[in-house]
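Undergrad: Any chance you can model this:
(2 chains)
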Amino acid sequence: MKRILICLLALILVFSFIGCSKINTMKRIKDTNKIVWGTNAAFAPFEMRQGDKVIGIDADIAQRIADKLGVELVVEDMEFEALMSALKSGKIDFIAAGFTVKPDRAEQVLFTDTYFTAVQVIMVTQDNEEIKGPDDLAGKKIGVQNATTGDFVASDIEDAEVERYNNGMEAVMDLKNGNIDAVIIDNLPAQLLAEKNPEVKILDEKPAENEEYALAVRKGDTELQKVINEVLSEMKASGEIEELVNKYSIGD
Amino acid sequence: MLEGIFKVLSDAIFYNLIREDRYLLFVNGFKVSIQLTVFAALIGVAIGLLMAISKLTNNRILNRIATAYTDVIRGTPSVVQLIVIYYAILGSSHLPKILVASIAFGINSGAYVTELIRAGILAVDKGQMEAARSLGLSYYQSMRYVIVPQAIKNILPALVSEFIVLLKETAIAGYIALDDLTRAGTIVRGRTFDPYTPFILVALIYLYITSILTAFMGRLERRLRQSD
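TA: You can find the predicted model right below:
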């Protein structure tokens, strides 16, 4: 019985891989009149919830892409770590989620042009005198959002214990409670978090090199990639991206 | 074709288990899940026993407390309870995370165990209590030596099945950044971008643990039947 079960599961495993057949994205977008945007709406100011809508810098970019194609925009708000899988299996058509261009991600998806330069920062409590920069993080407990760039940065720090939360807010909450020593997260959300939580501060010294954000589509979807690149370059040329950053970063 | 399948499988195993020693994540996750389940089960049974007896006494205050406890815990999702206990109630307690999580899961499981034990005690024939009392045992003594042992025997199968539920319930421990078995799956998934394999591995491990528990339950039931 048990052996049959294991064989069955092995088979499921194999077929699930074979199941990843080619998806004709552009044709499907045209046929269904919809484009599906995948994001994790807990990453202000790039994407956050307002009522039942997802708003933010990426939301406006996504809307422009849908407008350009003349179709309806559908949002899939999911866990950040599930985005790549969802894209590969065709559940979503593109990712716009403060998504950093990284070589190991580029093996799996097709990145568009970059549209924003992000900086990772370290957050600690106001009264923390011990941690002044990335060198003091060795052997410390560091909170991050699971599978984000901060997670990768923290995982490379010597002897550091990485605590992976579902979003940055929870990591900061645990920082305030004194259960972790520091949080590594992107600069913009960090500023919003620091504004809402006066008990924490952002350190000047950066834990990693600067990162570039881009959107991502499935491997082979060069047609969609081209459309998105056009939208991005239009928005960059008109200064719209900068406007959006200012609009969503200031206050709430 | 066969070669292709072999390549896909060996790639899946390499990326999800061997590269960067990822199998260690699953091993540690397995340990955490087991620890959580065992501690939570102990706490749950202790609370359940106390609350079940509180529900059955004639003391109004104890009655009310026990009823409020089971109503609140059974009426709210365990994810919410876990988050509230971890971030708010025990937020700045600096207890080890695994202990906080065990307490949260224990409190949750306790509510279901309460109802189990209560039903078990009620199922013991009334004459047992009457006989014990007329032999001169106090209420506490009759409970301790006559009623509860019989009740426990009646509810053991249901209790084991509650432990199986509890094991799977601990899958939400990732919400408080505790790396249990399921979270190990999501971490590996976030690294390998492989949608299925890590979770299928996780599912197989859970299935293995629960099948051991089920087998244990079967043996226990047979053993208990012998003394009838």
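
Undergrad: Quick one: low-confidence residue ranges for chain B.
TA: Applying pLDDT under 70 to chain B flags residues B:228.

Undergrad: Look at the closest residue to chain B within the stretch 101-250 of chain A and say how many residues are nearby.
TA: The stretch 101-250 of chain A approaches chain B most closely through residue A:147 (2.8 Å), counting by CB to the nearest CB. From N, CA and C alone the C-beta is placed, and that goes for glycine too. Residue A:147 has 23 neighbours, counted by other CB atoms under 10 Å in any protein chain shown.

Undergrad: Let me see the backbone angles for it.
TA: Here is the backbone geometry of residue A:147 (degrees, to the nearest 10): phi 70, psi 10.

Undergrad: now it, nearest residue through space, not along the chain?
TA: residue B:190 (2.8 Å; CB to CB, 6 or more residues apart in numbering or on different chains).

Undergrad: and that neighbour, helix, strand or coil?
TA: When classified by DSSP: H, G, I helix; E, B strand; the rest coil, residue B:190 comes out as helix.

Undergrad: quick one: low-confidence parts of chain A?
TA: Ranges of chain A meeting pLDDT under 70: A:1-2, A:4, A:7-9, A:11-22, A:250-252.

Undergrad: Show me how the record splits it into domains.
TA: Chain A breaks down by automatic domain parsing into domains covering A:25-117+A:212-249, A:120-202.

Undergrad: Could you dump those into a markdown table with distance to residue B:82 added?
TA: Shown next, in a markdown table, are those (distance: least, CB to CB, whole Å):
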| stretch | distance to residue B:82 |
| --- | --- |
| domain A:25-117+A:212-249 | 17 |
| domain A:120-202 | 12 |
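
Undergrad: closest to residue B:175 out of those?
TA: Among the domains of chain A, the nearest to residue B:175 by CB to CB is domain A:120-202 (6.2 Å).

Undergrad: Start and end of that closest one, how far apart?
TA: Length of domain A:120-202, first residue to last, CA to CA, to the nearest Å: 10 Å.

Undergrad: same question, stretch A:28-45
TA: So stretch A:28-45: terminal residues 30 Å apart, CA to CA.

Undergrad: same check, this time on stretch A:81-93
TA: OK, stretch A:81-93 end separation, CA to CA: 16 Å.

Undergrad: buried set for that stretch?
TA: Buried positions in stretch A:81-93, judged by neighbour count with 16 or more other CB atoms under 10 Å in any protein chain shown: A:81-88, A:90, A:92-93.

Undergrad: which among those residues are in contact with chain B?
TA: A:81-82, A:84-86, A:88 (CB under 8 Å from any CB of the partner chain).

Undergrad: I'd like the next helix or strand past the longest strand seen in chain A.
TA: Counting by DSSP state E, the longest strand found in chain A is strand A:109-118. Downstream of strand A:109-118, the first helix or strand assigned by DSSP states H and E is strand A:120-125.

Undergrad: Fine by me, we can end here.
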